[in-house]
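Engineer: When you get a sec, could you give me coordinates for this:
(one chain, ligands or ions: 1)
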Amino acid sequence: MNPIRIAIIGGGLAGASLIHALVKFPHLDVHIFESASVFKEAGMAIGIARNAQSALELISPSAAQSLQRAGAVPMRGVRFMMAYGDTAGTVADEVDDVVQGKRLTSIVHRADFLQELLSDIPREQMHASKKLLKVDGNGPVTLHFTDGTTHECDIVIGADGIHSVVRRLVLGEKDPAASPQNSGAWLLMTLQPFDKAQASLGKELVTMEDAREYGWAGKHAFLMHNILSNGELVQFVIAANDKEESTISDQWQRVVGVDEIMELYQDWPSHLNKAVNELLCGQPEHKALYLWDHPNASSYVSGPICITGDAAHSTTPWQGSGGGMSIEDSLILSSLLGRAKAPSEALTALQVYDQVRRPRTQRIVESSRATGAMLTGKKEIDPETMRTFLSRWDFIVDIDMEKHRDEVIRLFEAKLKEE
Ligand SMILES: Cc1cc2nc3c(=O)[nH]c(=O)nc-3n(C[C@H](O)[C@H](O)[C@H](O)COP(=O)(O)OP(=O)(O)OC[C@H]3O[C@@H](n4cnc5c(N)ncnc54)[C@H](O)[C@@H]3O)c2cc1C
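Structural biologist: Residues are numbered from 1 along each chain as shown. Down below sits the predicted model:
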């Protein structure tokens, strides 16, 4: 049997988890192309929730171990806290359980996790400094890179992130969903040494004995903290909406001055106000990230080309699920492509991938958008919603990944029979 030649564009979490999942199939000839000069993650920490932990386990024991080897800290639970009103400082809702042996979420340093996922990939299958420019042909396909080189393959998988070139190929340049949109919310994060963060926030909130993720809802702003890197670091995040909706910017970053931060958090419980001052107000201004997401795509696939991860469904981070969805995509794509025996069957695999993954991932993007509106005060949260706020995560984290994968495989086999 001739190998099926697969090219992955982009070496972020989506591309790395996918190649990790695909290299075990000897009949697949997989290569990954990354535009940067090295395979590395620029971001700070990421929460890998239970659904993604399950997907990692189903991909392979080594994928699941990547998380531990990268020093991930499993959270004992998540607490959703009030930061305003009569109940300021109290728990509004919390989830404190272990299901199927898996914690709700584990916090890991992005660069360490990516390195672990890629550690066993043969170097001759990894190509850095290869920026995809365009794609020719409809099977086989020729990839053209900006350095003038080309690569021929049967299947192209765009894991090239929110600015995806491959998404525009799949949807067409003129499709309004081809480009992302700014939500108008901005976010600022810092990684701090454990001792410093503990001294600021207090031993009750920052402790390895009872490591939890805390999300604090204010009237006009949000704050979150959790622990990573075997307990050496604490991630501290603040976020808010731009005041004027009408002036939503097309920028990816914006300068946030200390005065603005202080004003946003001035009425917060004193220990949080103190932590914001100590951890984020040491310099006059910061560059905050605007939070963007994708409008729903009408398809993730066009012939032999498909998209995964942020290229397919960039989401705002309010439900911490973009990376998790990428890992789920990798499990499903690899389960399908691993069963395809010829390029024609791989095309069917991509169709099934689109059919099953689009509804789930787009529901998550929409849910995250609505969650963000509540957490930053754009939409009021009534007391009942507040008390059950974390149930918004249930459909994301409590999916039975094994069942999801098996249903996808059944669908694929039925489609092959029809053909
Ligand atoms: C502030 C913030 C917090 C988040 N927190 C969480 C969280 O807690 N949990 C969670 O699950 N998710 C979280 N996410 C989402 C998560 O970070 C993303 O969903 C995930 O990193 C997407 O990975 P990716 O590989 O699809 O994209 P990327 O990480 O963007 O990788 C794309 C790669 O493609 C390369 N590339 C781009 N164009 C080309 C080209 N033309 N040719 C070749 N290579 C190219 C890029 O250099 C890059 O390496 C968060 C996101 C943000 C913004």
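Engineer: hang on, isn't residue 69 packed against residue 116?
Structural biologist: Yes - with contact defined as Cβ atoms under 8 Å, residue 69 counts as touching residue 116 (4.8 Å). Every residue, glycine included, has its C-beta placed from N, CA and C.
Engineer: Residue of the stretch 51-200 of the chain closest to the ligand, please.
Structural biologist: Using Cβ to the nearest ligand atom, the closest approach of the stretch 51-200 of the chain to the ligand is made by residue 161 at 2.7 Å.
Engineer: Dihedrals phi and psi, that residue?
Structural biologist: phi 70, psi -170 (degrees, to the nearest 10).
Engineer: What distance do you get for it to residue 34?
Structural biologist: Computed as Cβ to Cβ, to the nearest Å, the residue 161 to residue 34 distance reads 11 Å.
Engineer: who's more crowded, these two?
Structural biologist: residue 34 (25 against 22; other Cβ atoms under 10 Å).
Engineer: Next one: the nearest residue to that one once chain neighbours are set aside from residue 374, what distance?
Structural biologist: Nearest non-adjacent residue to residue 34, counting by Cβ to Cβ, 6 or more residues apart in numbering: residue 11, 3.5 Å away. Taking Cβ to Cβ as the measure, residue 11 falls 34 Å from residue 374.
Engineer: same check, this time on residue 103
Structural biologist: Remark: distance between residue 103 and residue 374 (Cβ to Cβ) = 25 Å.
Engineer: With residue 123 instead?
Structural biologist: Residue 123 is 46 Å from residue 374, where distance means Cβ to Cβ.
Engineer: of the two, who's got more company?
Structural biologist: Using other Cβ under 10 Å, the more surrounded residue of residue 123 and residue 374 is residue 374, with 19 against 7.
Engineer: quick one: residue 318 and residue 372 touch, right?
Structural biologist: Yes - taking Cβ under 8 Å as the definition, residue 318 is a contact partner of residue 372 at 4.0 Å.
Engineer: hang on, the earlier thing: got a list of what the residue of the stretch 51-200 of the chain closest to the ligand touches?
Structural biologist: Residue 161 makes contact with 10, 12, 14, 309-311, 314, according to Cβ atoms under 8 Å, 6 or more residues apart in numbering.
Engineer: Residue 309 too?
Structural biologist: Contacts of residue 309 by Cβ under 8 Å, 6+ apart are 10, 12-15, 159, 161, 322, 325-326, 329.
Engineer: pLDDT value on it, please?
Structural biologist: Per-residue confidence at residue 309 stands at 98 (pLDDT).
Engineer: Filter the contacts of residue 161 to keep only those in contact with the ligand.
Structural biologist: 10, 12, 14, 309-311 (Cβ under 6 Å from any ligand atom).
Engineer: May I see the buried residues of stretch 223-235?
Structural biologist: Going by neighbour count (16 or more other Cβ atoms under 10 Å), the buried part of stretch 223-235 is 223-229, 233-235.
Engineer: ignore the last one, stretch 356-369
Structural biologist: Within stretch 356-369, the residues that count as buried by 16+ other Cβ under 10 Å are 356-358, 360-362, 364-365, 367-369.
Engineer: do the same with stretch 140-160
Structural biologist: Neighbour counts using 16+ other Cβ under 10 Å place 141, 143, 145, 151, 153-160 of stretch 140-160 among the buried residues.
Engineer: Select from the residues you listed every entry located in helices.
Structural biologist: If you go by DSSP state H, those have nothing in helices.
Engineer: now those residues in JSON lines, with distance to residue 416 and pLDDT?
Structural biologist: Listed next are those as JSON lines, based on distance: Cβ to Cβ, whole Å; pLDDT from 0 to 100:
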{"residue": "141", "distance to residue 416": "22", "pLDDT": "97"}
{"residue": "143", "distance to residue 416": "27", "pLDDT": "98"}
{"residue": "145", "distance to residue 416": "33", "pLDDT": "98"}
{"residue": "151", "distance to residue 416": "28", "pLDDT": "98"}
{"residue": "153", "distance to residue 416": "21", "pLDDT": "98"}
{"residue": "154", "distance to residue 416": "17", "pLDDT": "98"}
{"residue": "155", "distance to residue 416": "16", "pLDDT": "98"}
{"residue": "156", "distance to residue 416": "21", "pLDDT": "98"}
{"residue": "157", "distance to residue 416": "20", "pLDDT": "98"}
{"residue": "158", "distance to residue 416": "24", "pLDDT": "98"}
{"residue": "159", "distance to residue 416": "25", "pLDDT": "98"}
{"residue": "160", "distance to residue 416": "29", "pLDDT": "98"}
